[in-house]
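Undergrad: sequence first, predicted coordinates after that:
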Amino acid sequence: MEAPPDNDVLWARSLHFTHRDGSPALGGVSLGVREGEILAVSGPRGSGKTTLLHCLSGLVPAQRGEVWFNSVPVHTMGATARERLRRDRFGWIDPAPVLVPELNVWENAALPLMLRGTSRRRAKAAAMEWLERLDIGDRSRSRPHELTQAERQRVCITRALAPAPSILFADEPTAPLHRADRNHVLRTLTTAARSHGITVVLATHDPDTAALADRTVPLMDGRRVTTVHLPPITEPEGRAAEPEGRGAEPEGRGATCSLSV
């Protein structure tokens with residue numbers, strides 16, 4: 001078993017994963033992530049991005065291959081050790097916001113800290129700092145059902161950032177947000193990661209989001225490729241389409257992302 005390079009905080013070799021229905025999700029993906037790097041995993045839906053993040057974070061063990069975090073083999077850990085690793089060192093943002101309905105906004109945001117044993121006062125202070133940065137501090141005492149979906153997603157992003165994780169895994173983190181909100185949230189996320197030395201692994205099918213990363217790993221059909229043709233980004237029903245202009249793709253056209261890996 002070969003140890004990963006010293007300058008990689010996260011390293012994976014030849015990851016394979018097949019879904020229960022027999023369809024392949026990963027077909028031998030290898031990559032390394034440097035400490036403090038923002039890495040985008042890009043590709044269309046169904047390309048294996050989410051499965052890759054699940055395997056890298058230890059949420060789901062790869063069926064074949066190796067995953068190392070700070071030279072520690074995650075792929076040999078048991079379920080309890082992987083759960084502890086995710087709680088203490090990793091942060092996670094899902095594409096759909098999921099909050100504890102019985103807790104208010106700041107309690108939801110502070111929950112990972114309190115689970116680690118941080119005092120309620122210190123956990124609240126850390127959560128409030130990030131809620132303010134994400135422009136939702138004024139809703140700190142609201143319950144999840146009183147928030148819009150976009151507001152709930154900001155709380156989820158706060159919950160992931162407040163504990164200052166070593167690595168933040170973000171799976172389409174701005175999917176529920178209006179286009180106007182995306183740039184602000186993404187800039188807050190990337191600026192916070194750089195200022196706090198947080199390594200970010202970001203899955204996205206949006207080329208504008210991938211462009212904010214230091215480096216991009218494109219996937220297609222569960223394998224690394226050098227060119228990805230991305231489908232056009234469509235707004236959810238009920239949202240007005242943006243006029244064509246700088247940075248927008250004309251209607252009906254996809255985006256081509258040519259990248260060196």
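TA: Ah, there it is.
Undergrad: quick one: the closest residue to T209 other than its chain neighbours from L26, how far?
TA: Leaving out its chain neighbours, the residue that sits closest to T209 by Cβ to Cβ, 6 or more residues apart in numbering is L186, at 6.2 Å. Just so you know, the C-beta spots here come from the backbone N, C-alpha and C atoms, and that holds for glycine as well. As judged by Cβ to Cβ, to the nearest Å, L186 and L26 stand 26 Å apart.
Undergrad: then L103?
TA: Per Cβ to Cβ, L103 is found 35 Å from L26.
Undergrad: the two: which is more packed in?
TA: Higher neighbour count among L103 and L26: L26, with 25 against 14, using other Cβ atoms under 10 Å.
Undergrad: might one say that the more buried one is in contact with L52?
TA: Yes. The criterion here is Cβ atoms under 8 Å, and L26 meets it with L52 at 6.1 Å.
Undergrad: list the residues that contact both of these two?
TA: Residues touching both L26 and L52 by Cβ atoms under 8 Å, 6 or more residues apart in numbering: L15.
Undergrad: the helix or strand encompassing A81: how far from the chain's middle?
TA: Using DSSP states H and E, A81 falls within helix 79-89. Mean C-alpha position of helix 79-89 versus that of the full chain (Cα atoms, centre = their mean, to the nearest Å) differs by 17 Å.
Undergrad: show me what the mean pLDDT comes to for that helix.
TA: Here helix 79-89 scores 93 as its mean pLDDT.
Undergrad: which parts of the stretch 101-250 of the chain are strands?
TA: Applying DSSP state E, counting those that start in this stretch to the stretch 101-250 of the chain gives strands spanning 167-171, 199-204, 215-220, 223-224, 227-230.
Undergrad: now A62: which helix or strand?
TA: Counting by DSSP H and E, A62 is part of no helix or strand.
Undergrad: so it is in contact with L26, correct?
TA: Yes. Contact status for A62 versus L26: in contact at 7.0 Å, counting by Cβ under 8 Å.
Undergrad: overlap in contacts of these two?
TA: By Cβ under 8 Å, 6+ apart, the residues touching both A62 and L26 are 15-17, 55.
Undergrad: pick out whichever of those sits closest to V225.
TA: In terms of Cβ to Cβ, no member of the shared contacts of A62 and L26 lies closer to V225 than L15, at 15.3 Å.
Undergrad: so where's the stretch 151-261 of the chain shaky on pLDDT?
TA: 227-261 (pLDDT under 70).
Undergrad: who touches L219 in this structure?
TA: By Cβ under 8 Å, 6+ apart, the neighbours of L219 are 29, 41-43, 47-49, 52, 225, 228.
Undergrad: hang on, I meant A210
TA: Applying Cβ under 8 Å, 6+ apart, the residues near A210 are 40, 42, 202, 204, 216, 257.
Undergrad: and what of R64?
TA: 14-16.
Undergrad: what separates R223 from F17, distance-wise?
TA: Separation of R223 from F17 (Cβ to Cβ): 12 Å.
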